[in-house]
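> any chance you could fold what I've pasted below:
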Amino acid sequence: MQIFKVGGAVRDRLLGKPVTDIDWVVVGATTEEMLAQGYRPVGADFPVFLHPKSGAEYALARTERKSGRGYGGFTFHASPEVTLEEDLIRRDLTINAMAEDDQQNLTDPYHGQRDLEARVLRHVSPAFAEDPLRVLRVARFAARYADLGFTVAPETLDLMRQLSESGELEALTAERSWKEISRALMEDQPQVFIQVLRDCGALKVLMPEVDALFGVPQPEIHHPEIDSGIHTLSVLEQSARHKQPLTVRWACLLHDLGKGLTPEEEWPRHIAHEHKGLKLIKVVNERFKAPKDCQELALLVGQYHTHGHRALELKASTLLELLQSFDVYRRPQRFEEFIAACEMDARGRKGLEDRSYPQADYLRGAASAARGVAVQPLLEKGFKGPELGEALKRERLKALKAYKENA
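Predicted coordinates:
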């Protein structure tokens, strides 16, 4: 019985990165032997055990065979006869198919260390094409390691393209897809994830609404980068640069979907793209079963981001409607995330990445003015029910008019 550290822990140690999660593989053992040593079994699909003291997961070395469609369409075989090399060959990338023993002696049958040094993401074997989830995983690794200069090997990109064209991506569950997408969006270069998906044809399958933005022009006076798709990538890049949360990054990705619906004869203008895009944002939200906070912010940013950009010009009544739409009195954080998404949108333009965005503080001040209206004096005047709501609205409008005059 031999125990090896495998996968990401080995990869990240060799890259000089912090090692957080450690995967262990046990070679030459049976289920009975693991149980006899105090390991506790978990997992129904294949033998995985929890260490009796640390609680860490230890998996028996195994092989797998394609038996159906999608991520879950595999049968697994674990036995003492399965070698470490056989276990490693079923992994996705060569840089994830290395192992080391407790003395840090490296087992690298598929040249993962060489690919680490060459900064290449390369599949281990043709079996890569059996698992559609790997298309998203490779794109996510490309986003994670873009700063280090990693690129996807041409032959791996070809396999990803074949998978994208095979119909296998449609077999992925919303939950598995969202897990990869959400993790990728939180990487340092999330725009690389979207670009790699586009390069292999997967974006057109997974998010045709985003893919449709590429090649759609915008007015150069507002958007020096012109292309709507490139603008979306830039907005996403800015959201990572400014360490925005997942809700904001998701909204940044979807905020301009309505521009993909503009008829060519109306280019480069996109009249009412905010309203037109809402139905598409809803579809994408539902397709991946995005969390409720992500869904809500994406819809609000889609509908109101141009209000954010024009904040200083808005009438007090329009400002009030905007604040009411966000329920800033009970949910101030959501409005703060809206402001952040608007700022990322403004910065996601060629040459304007470091331009100031005075609208942000102006909107915060407006929210503060509206929130500053006290309810108690109105209650003391006898207002209640719907009348109280109307009186409160009138007082907030007065407060916003005074704020505008003094801003």
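> any idea how far Ser318 is from Ser54?
That one is not Ser; residue 318 is Thr. The spacing between Thr318 and Ser54, counted by C-beta to C-beta, to the nearest Å, is 58 Å. Using the backbone N, CA and C atoms, a C-beta is placed for each residue, glycine as well.
> the two: who's more crowded?
Neighbour tally, Thr318 and Ser54, criterion other C-beta atoms under 10 Å: the higher count belongs to Thr318, 14 against 10.
> just the helices in the stretch 1-150 of the chain please.
Taking DSSP state H, counting those that start in this stretch, the helices of the stretch 1-150 of the chain run over residues 8-15, 31-36, 84-89, 112-118, 133-144.
> highest average neighbour count across those helices?
Highest mean neighbour count of the helices of the stretch 1-150 of the chain: helix 133-144, a mean of 24 (counted as mean count of other C-beta atoms under 10 Å).
> show me where the stretch 301-407 of the chain has helices.
316-326, 332-347, 359-371, 376-380, 385-406.
> quick one: mean pLDDT for the second one?
Along helix 332-347, the predicted confidence averages to a pLDDT of 98.
> grab the nearest non-local neighbour of Leu280.
Nearest residue to Leu280, sequence neighbours excluded (C-beta to C-beta, 6 or more residues apart in numbering): Leu257, at 4.1 Å.
> how close does that neighbour get to Leu312?
Relative to Leu312, and taking C-beta to C-beta, Leu257 is found at 26 Å.
> who's more crowded, those two?
Leu257 (27 against 11).
> per-domain residue ranges of the chain.
1-111, 241-371, 373-407 (automatic domain parsing).
> now render these as CSV, adding distance to Pro217.
Converted to CSV, the domains of the chain look like this (distance: least, C-beta to C-beta, whole Å):
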stretch, distance to Pro217
domain 1-111, 37
domain 241-371, 4
domain 373-407, 35
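> give me whichever of these is most buried.
Most buried among the domains of the chain, counting by mean count of other C-beta under 10 Å: domain 241-371, with a mean of 18.
> from start to finish, how long is that one in a straight line?
31 Å (C-alpha to C-alpha, to the nearest Å).
> that one: how far from the chain's middle?
Relative to the chain's own centre, domain 241-371 is displaced by 17 Å; criterion: C-alpha atoms, centre = their mean, to the nearest Å.
> now do stretch 15-27
Counting by C-alpha atoms, centre = their mean, stretch 15-27 comes out at 23 Å from the chain centroid.
> so for that stretch, what's the average pLDDT?
92.
> offset the numbering so it begins at 25, please.
New numbering, starting at 25: the last item is stretch 39-51.
> so what touches that stretch?
25-33, 36-37, 58, 73, 80-85, 104, 106-108, 111, 123, 140, 172 (C-beta atoms under 8 Å, 6 or more residues apart in numbering).
> can you give me the strands for the stretch 25-174 of the chain?
Along the stretch 25-174 of the chain, counting by DSSP state E, counting those that start in this stretch, strands occupy 26-30, 47-51, 64-66, 72-74, 81-84, 86-90, 98-102, 123-124, 130-131, 144-145.
> partner strands of the fourth one and their direction?
So the one you mean is strand 72-74. Strand 72-74 pairs in its sheet with strand 64-66 (antiparallel), strand 81-84 (antiparallel), by DSSP bridges.
> I'd like the average pLDDT over that strand.
92.
> same check, this time on the third one
In this model, strand 64-66 carries a mean pLDDT of 89.
> quick one on the thing from earlier: of the strands paired with strand 72-74, which approaches Gly372 most closely?
strand 81-84 (40.1 Å; C-beta to C-beta).
> which residues sit against that closest one?
By C-beta under 8 Å, 6+ apart, strand 81-84 touches 27, 47-50, 53, 55, 58, 63, 66, 70-75, 102-103, 106.
> hmm, 7 Å instead?
Trp48, Val49, Val50, Ala53, Tyr63, Phe70, Pro71, Val72, Phe73, Leu74, His75, Ala102 (C-beta atoms under 7 Å, 6 or more residues apart in numbering).
> just stretch 370-384 next, same as before
Residues contacting stretch 370-384 (C-beta under 7 Å, 6+ apart): 247-249, 255, 258-259, 261-262, 332-333, 335-336, 363, 366-367.
> kindly report the same for stretch 149-159.
90, 94-95, 113-114, 116, 183-184, 186-188, 192-193, 195-196, 200, 204, 224, 226.
> average model confidence for that stretch?
Mean predicted lDDT for stretch 149-159 stands at 92.
> cool, stretch 103-110 as well?
pLDDT averaged over stretch 103-110 gives 91.
> which residues sit against that stretch?
For stretch 103-110, contacts defined as C-beta under 7 Å, 6+ apart pick out Phe28, Val49, Val51, Gly52, Ala53, Thr54, Ala85, Arg86, Thr87, Ala123, Thr131, Pro133.
> for Phe73, which non-adjacent residue is spatially closest?
Tyr63 (3.7 Å).
> repeat for Thr180
His147 is the one closest to Thr180 (C-beta to C-beta, 6+ apart), at 4.6 Å.
> roughly how far does that neighbour sit from Leu117?
Taking C-beta to C-beta, one finds His147 at 6 Å from Leu117.
> shaky segments in this protein?
67-70, 89-100 (pLDDT under 70).
> centre of the chain versus stretch 129-136, how much separation?
So, by C-alpha atoms, centre = their mean, the centroid of stretch 129-136 is 31 Å from its chain's centroid.
> endpoints of that stretch, how far apart?
Counting by C-alpha to C-alpha, the terminal residues of stretch 129-136 are separated by 14 Å.
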